[in-house]
Structures are given as structure tokens and as C-alpha cells.
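In: could you work out the structure for the sequence below:
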Amino acid sequence: MHPSQTRRYDIQALRALAVGLVFAYHLWPSRLPGGFIGVDVFFVISGFLITGMLVREAEATGSIRVVAFWLRRARRLLPAALIVLAVAAVATLALAPANLWPQFLREILASTFYVQNWLLVSDSVDYLAANNAASPVQHFWTLSAEEQFYAVTPLVLLASVLLARLLGPGPGRRRRALLVGVALVTVISFAVSVWLTAVSPPQAYFATVTRAWEFGLGALLVFLPAPASSLHANAAVAAGIAGIVTSAFLLSGGTPFPGWIAAWPVVSAAAAIWGGSALGRRGLRLARLPPIQLTGDVSYSIYLWHWPLIIFGAYLLDRPLGVVEKVVVVAATFVLATISTRYIEDPIRHGRVRFFGGTSSPRILVPSAIGMALVVLIAGSGLLASESRRAASAQRVAQVTATEPDCLGAMAIWNAAACSATPPSSNVVPDPAEAPNDSWNLPECWATVESSELHVCSFGPADATVRLAAIGDSHSNSLLVAYRAVAEANHWRVDVAGHNGCYWTTAVQRKPVQAMVDACEAWKRNLEAWLDGQPPYAAILVTFAREGAETIAPDPRHEDQVTVDGLLGAWGPQMSRGSTIVAIRDNPAMEADVVTCVVRHVATANTTCARPEREAVRSPDPLVEAVQRADRARLIDLTSIYCPQHLCLTIIGGVVIYADRAHVTSTWAASLGPILTNQIAGALAAITP
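Out: Residues are numbered from 1 along each chain as shown. All right, here's what the predicted structure looks like:
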């Protein structure tokens, strides 16, 4: 079944449905939790149309002009995309908080070269990037996957044609070779999709290899005969549309995707296309309605423009979009999409615009290169400005910490009486926009998410008479500079061992994928062996993220008890050797956008961005209960430092506390050094030898 070279009203209607689902999902995700499957519908449509075009060429000429195909795709897709990217880059610098510039501009650059999906794959497994804000070009991951499909598909089909030519002449052999090539890629991709979705859902969602089968299923339609009757055609279309719509309502962001479940919307889209090929004029009556056809015609531009308008609209208003603003976004998107299609895409695609004296496809390369260079220039300038701001912030931090240590950060609360007369600094440190980068991190001190290797770093003299260990997850790692201060102030030895998202317990932690569970369990076994091989420590400092403490329990109602038992089970052997467990209660957890809030409202951050203690501090806290049940354990609870008068602040003593919603800045951690020294010494003294 070749896609018709005449207008396919049904496919335009399917495009309208797909972009409508995506748009509605982005505006009202709770109302249409599976609207993201509109993207999968687009993938099937692209696979069908593009493969049909290439197969027709291969059957007619015995070859495929790969470069000519790529140039036609460039004429169709690049002009509008580059304009949106340039606008997004300018709007980022004008409207987005400065702390988000590096992420947003980096994604704009990745989108310019159509590798955005692979950047998101990388960030999805980067612990420190896992909570990145939604960027104005995040939706370009789908366009990147499509471009990669366009890059590879003609090569696969051309290789199939050449192989058929080697096996002997005949159009039937050539068609079978094309079918085998497409089917092989589709089957392999589907298998990889099912496997990777089970192993690592974040990677699977964005990876081209897990999405290729969706294009491939659309491509396989090219080789199918049309429905035998209008009854079959209507049934296929009805079943397909019903499958797409129901999946949009019944799937959600919590569904492991794509994997096997993606077959629901993908097969449904394929059924609708297959049936639509045999529908007569009467069967297409609804699809031919002008509003539906217009939406299908401008669907590419709708997809390009709608997401930046949603993102920047919220930054412009400094609040989430309300109903009225969402309606305005819908209207603005359709206006921009219509203008973009009519005055940019169509004139260039149909050759009505001349490039340097001609209209041929190769001439699109020069203006496209200029457009790419413009985007790179804008984004690069913003990144350079960010680097300059980062250097200035680091210099300011060094200057302030060297000259104002006694009332800086946490010390302003600890020494409240002495510091009450100290005039506040006019500038907080670090620069709020650079708070996410204010970290002092040593790779040798901790293991990454899927690593089981034990890394241990040390502070203080090797022959110190008092030896401490510090064990925990990334929240312990964020206190490295404080551990160093403790070691230097007392001439103690502090050995630090950490793991991303994994803490010291005999309980099994819940993780998104089994590989992370296995790595955490193996790391803990290595940790136990290492501890057993060391002389007993005077104290072992433990801390971990409250929100990362979830453990696997037979009954979810007993999870806290399993967590407490796991802590006591891990501590017990070392306490029996004479070590004191000093548990540092986790810092409060703030709202997800706390850094952005501080950047935008630095003067009023402690009212605008603060969070009540009852919301920010977990209660009951398994760590506190475990300490209460252990004879040789003591608790250091700094909640009153973070939350004076039961309000958890974002700036104290001229220091920005949070690098993200749950991790503290190194400048803040450094100010905790004298306090931790005092508290640890008190805990050691309280334990009778």
C-alpha cells in the first residue's frame, strides 16, 4: 500500500489529532495524562510517508538519491525550526532566570544540531541533572529523533536495494529486500525498546533506538495491500482512532514507556492510516472539515511554537499559567503557526523563495548554515556570560569567607547574640544564579548511581588520634567541605565514603530500575567489608536524603519501621566494636523551583521562597527513631538553624542555602563546619567508654 501522492485528508486529520493531544497534555496534564502519545502517532505517520516516498523511488529507478532526499528534508524542516530556536535563545536571555541559562542554552544548541534527545538521555542518568527544569526546547527531542530517522532510513533502504541487486534482477526481489530491511530494523528496535524500558525508563523514553520501531511500523504499512472493502477500512479507522484516544486518557507519566505498552497507540495509529487509504469521499467527511485540515496543515508549526509559549509565558507572569493565559497561548500558537507555515515553510518548500539566485535544494544549505550560526552565536554568548558570572561569584565567595567567617551563613544563627549587631551584607553569596554550581565535590569520595565500587577519600592527618568516618548519599557528599573543616579544626582524621542515591542500611532501597538496586546493594557489601577491615572509628557520621530513604517493605504501611530496622542492622556491628554513630538529620527539603525563586526574588526570598517547617521536615523521621533505639548513637539536629521560628529560610547570614531543592551549597556547608565540630565533640563526650 503506497501512500497516495494526492492529498491524504485522513492523514492531515490524524496530524491534527496528534498535535491536539500533545498540546492539551502540555496545558492540562492532569486532564489528559497520556496525551504525550500524540508524538508516537507522528512517528508512525512519518515512517509511512517517508518510507513510501523512498520505496517509490527505489522501485522506479532501482536506487535512492540519498543526498537529494536529505536536502528536501532540510528545505521542509530547518527554516521554521531555526527561527523558533533563535527566538527561544533570545527569550531565554530576556525572560528566563539566569540560573537556568546554562541548561536552556545547552539544550538549544543540542536542538540546533538535532541531538536533543541524546542530551536528555545523558541528563536522565546524570544524578545532578535529573531534576532539571523543563526547557523551552525540550520538545525538540522528538524532532531530533525524526531527523535521525531521516538520516538513517534512506541508507537502510539503499543497502537493501543494493543487496537485492547482488542477488539477482527483478522488481519483486527488490521489493522483498526493502521489506526485509524495514522489518528487521523494526523488530530489533522493538526488542530493545521493551528491554531498555524495563531496565532504564528515562533513557528508553528519549533514545532513537527505542523509538525506531514506531517509524518502522508506519514504514511496514507501505508494503501492505489496502483494505479489501470499505467495511474493513471503516472498522480499521474507527478502531485506530478509538485506540489513540483511549490510550491518551488511560496512560500516564507513570506508565513505563515506550516499551510494549507503546504498541497500543502505535498500532492504533497504523490501523487508522491503513484504513484511511481505502476510505472514499463520504468516509472522509469529518476529516475534510476545514478546521481539522487547517490544524493538520500547520501541525508542525503548532508543535514548534506551543511549548516555548507555555514556558516563557509562565516566566513572564512569574507564576503558572491560569485558564485565561492558557487560552491566550492556544490562540497565539495558532496565529504564529499559520504565519510560519504560510510565509516561511510553504514558500521555501515549494520553491517560491530564491536563495542566492536560485531555488534548488542545495541552496538551502547556505541560509540554513547562517541560521544555525546565529543560534550558536546567541546561545554561545549567553553561556559565556554565565561563565563570567560564575567566576565572579566564586571570587566573591572566597573574599567573603576569608573576611567574615564568624557571622557568615549558619554562624549568624549559631552566634545570634554576637551577630545581631552585624550589618547585613549588600550581596549574598554565592550569586543566587550560581548556587547550583557552588559545590565542592571530589569524585574519589563517592560512587555514581550504577556503580558498586567503593570510593574513600580522607581529610586530616593520617596519624590522628581521633578517627571518624562519614558515610551517606549525595546529601552527605554536599557536606564534604564541612567534614574537611571538622578534620582541620581538631586535627582529626575523617574518611568519607558515599554513593549517589544509596545510604548505609541493611534494608533494600526502592529504585527506578533494578540495576540501581543491585549497584547499591553491592556497594553496601563493599562498605561493610571495608569497615570491618579498619580499626574501630571513634565515630561514624551518617546522613542521607529523607526523600531518598524509601525501602522495600512487604507492607507499605510498615515502610518506616523497615527503614529504622535497616539502619540499626547496619550500625549494630560497628557499635559493638566501640564506634559511636553520629546521625546528622537531613536538611529541610524545599520547593522544586527554590533556586529560581531566589534568583527572581532575592530581596524577599525569605518570605517569597521560604517553606513552613512542618512541610519541609519529614516527621516522623526514621533516622531520629533509629538513634533513639540505639545505645551508642547520638543525633545532630540542625533544623533550628535552617528553620528559625519554624520557617525554613533560603538565605541566612548572607549565604544562599540551597543549590537545588534538596542539596545545600558548599558555602553554606562551610559555615556549618564550626557547628558540626562542636556537636560531634559533644556526641563523643556523651558516650562513656
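In: going forward, measure contacts between C-alpha atoms and count neighbours the same way
Out: Will do.
In: where does the stretch 101-250 of the chain have low pLDDT?
Out: Applying pLDDT under 70 to the stretch 101-250 of the chain picks out residues 125-131, 167-172.
In: helices along that one, start to end?
Out: Applying DSSP state H, counting those that start in this stretch to the stretch 101-250 of the chain gives helices spanning 101-112, 116-124, 140-167, 171-199, 201-206, 208-220, 230-250.
In: please apply the same query to the stretch 501-650 of the chain.
Out: Going by DSSP H, counting those that start in this stretch, the stretch 501-650 of the chain shows helices at 514-532, 559-576, 594-600, 605-608, 613-616, 622-629, 639-642.
In: what packs against the second one?
Out: In other words, helix 559-576. For helix 559-576, the packing partners by 3 or more Cα pairs under 8 Å, 6 or more residues apart in numbering; DSSP states H and E come out as helix 622-629.
In: any buried residues in the helix it packs on, and which?
Out: 622-627 (16 or more other Cα atoms under 10 Å).
In: and it, how far from the chain's centre?
Out: 34 Å (Cα atoms, centre = their mean, to the nearest Å).
In: what of stretch 25-36?
Out: With Cα atoms, centre = their mean, you get 18 Å for stretch 25-36.
In: so which bits of that stretch are buried?
Out: Using 16+ other Cα under 10 Å as the burial criterion, the residues of stretch 25-36 that qualify are 25-27, 29, 32-36.
In: number of nearby residues for residue 480?
Out: The burial count assigned to residue 480 is 25, neighbours taken as other Cα atoms under 10 Å.
In: my read is that it contacts residue 440, right?
Out: Yes - counting by Cα atoms under 8 Å, residue 480 touches residue 440, with 7.1 Å between them.
In: which of the helices of the stretch 101-250 of the chain sits most buried?
Out: Of all the helices of the stretch 101-250 of the chain, helix 208-220 has the most neighbours on average by mean count of other Cα atoms under 10 Å, namely a mean of 26.
In: got the CA positions of it in PDB?
Out: Once non-C-alpha atoms are left out, helix 208-220 reads as follows in PDB (Å, rounded to 0.1, in the frame of the first residue of the first chain):
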ATOM      1  CA  THR A 208      16.200   6.900  19.000                       C
ATOM      2  CA  VAL A 209      16.900   3.100  19.100                       C
ATOM      3  CA  THR A 210      13.800   2.500  21.300                       C
ATOM      4  CA  ARG A 211      11.600   4.700  19.000                       C
ATOM      5  CA  ALA A 212      12.800   3.400  15.600                       C
ATOM      6  CA  TRP A 213      10.200   0.600  15.600                       C
ATOM      7  CA  GLU A 214       7.400   3.200  15.800                       C
ATOM      8  CA  PHE A 215       8.600   4.700  12.500                       C
ATOM      9  CA  GLY A 216       9.200   1.200  11.300                       C
ATOM     10  CA  LEU A 217       5.600   0.100  11.900                       C
ATOM     11  CA  GLY A 218       4.500   3.000   9.800                       C
ATOM     12  CA  ALA A 219       7.000   2.000   7.100                       C
ATOM     13  CA  LEU A 220       5.700  -1.500   7.000                       C
END
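In: packing partners for that helix?
Out: Secondary-structure packing of helix 208-220 (3+ Cα pairs under 8 Å, 6+ apart): helix 38-61, helix 140-167, helix 171-199, helix 263-276.
In: now with 10 Å, please.
Out: Contacts defined by 3 or more Cα pairs under 10 Å, 6 or more residues apart in numbering; DSSP states H and E place helix 208-220 against helix 38-61, helix 116-124, helix 140-167, helix 171-199, helix 201-206, helix 263-276.
In: closest to residue 322 out of these?
Out: helix 38-61 (23.6 Å; Cα to Cα).
In: hmm, back to that, adding distance to residue 103, write the helices and strands packed on helix 208-220 out as CSV.
Out: Shown next, in CSV, are the helices and strands packed on helix 208-220 (distance: least, Cα to Cα, whole Å):
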stretch, distance to residue 103
helix 38-61, 23
helix 116-124, 10
helix 140-167, 14
helix 171-199, 25
helix 201-206, 17
helix 263-276, 32
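In: the nearest residue to residue 235 once chain neighbours are set aside: neighbour count?
Out: Excluding the flanking residues, the one nearest residue 235 by Cα to Cα, 6 or more residues apart in numbering is residue 275, at 7.5 Å. A count of nearby residues for residue 275, using other Cα under 10 Å, gives 26.
In: picking up where we left off before, could you dump the helices of the stretch 101-250 of the chain to TSV with distance to residue 640?
Out: Below are the helices of the stretch 101-250 of the chain laid out as TSV (distance: least, Cα to Cα, whole Å):
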stretch	distance to residue 640
helix 101-112	34
helix 116-124	34
helix 140-167	44
helix 171-199	41
helix 201-206	37
helix 208-220	49
helix 230-250	45
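In: ok, residue 28 touching residue 249?
Out: No - Residue 28 is beyond contact range of residue 249, at 11.8 Å (criterion: Cα atoms under 10 Å).
In: list the residues that contact both of the two?
Out: Overlap of the contact sets of residue 28 and residue 249 (by Cα atoms under 10 Å, 6 or more residues apart in numbering) consists of residue 35.
In: residue 676: which element?
Out: Secondary structure assignment for residue 676, by DSSP states H and E: helix 666-686.
In: what residues are up against residue 234?
Out: 227, 240, 272, 274-276, 278-280, 283-284.
In: dump these into a markdown table; add distance to residue 80 as well.
Out: Putting the contacts of residue 234 into a markdown table (distance: Cα to Cα, whole Å) gives the following:
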| residue | distance to residue 80 |
| --- | --- |
| 227 | 37 |
| 240 | 31 |
| 272 | 28 |
| 274 | 30 |
| 275 | 32 |
| 276 | 29 |
| 278 | 33 |
| 279 | 33 |
| 280 | 34 |
| 283 | 33 |
| 284 | 30 |
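In: nearest to residue 641 among those?
Out: residue 240 (58.9 Å).
In: the nearest residue to the closest one once chain neighbours are set aside and residue 288: what is the separation?
Out: Nearest residue to residue 240 in three dimensions, chain neighbours excluded: residue 268, at 3.9 Å (Cα to Cα, 6+ apart). Going from residue 268 to residue 288 by Cα to Cα, to the nearest Å gives 20 Å.
In: of these two, which one has the most company?
Out: Each of residue 268 and residue 288 has its neighbours counted (other Cα under 10 Å); residue 268 has more, 25 against 18.
In: Provide a list of residues in contact with that one.
Out: 41, 44, 236-245, 247, 262, 274.
In: can you check residue 523 too?
Out: 447, 450-455, 498-499, 502-504, 517, 529.
In: list the buried residues in the helix or strand containing residue 375.
Out: Residue 375 is located in helix 365-403, with elements delineated by DSSP H and E. Residues of helix 365-403 classed as buried: 368, 371-376, 378-380, 382-383, 386, 389-390, 393-394, 396-397, 400-401 (neighbour count, 16+ other Cα under 10 Å).
In: on contacts alone, who are the packing partners of that helix?
Out: helix 66-95, helix 101-112, helix 666-686.
In: now for the buried residues of stretch 25-36: which two are most distant?
Out: For those, the maximum inter-member distance is 12.4 Å, found between 27 and 34 (Cα to Cα).
In: find residues that contact each of the two.
Out: Between them, residue 27 and residue 34 share these contacting residues under Cα under 10 Å, 6+ apart: residue 21.
In: so how far is stretch 446-456 off the chain centroid?
Out: That offset, for stretch 446-456, works out to 22 Å (Cα atoms, centre = their mean).
In: ok, and what's touching it?
Out: With contact meaning Cα under 10 Å, 6+ apart, stretch 446-456 is reached by 125-127, 443-445, 457, 469-474, 476-477, 495-502, 513-527, 530.
In: how about low-confidence regions in this structure?
Out: 1-6, 125-131, 167-172, 280-283, 350-363, 421-426, 548-549, 555, 557, 688-689.
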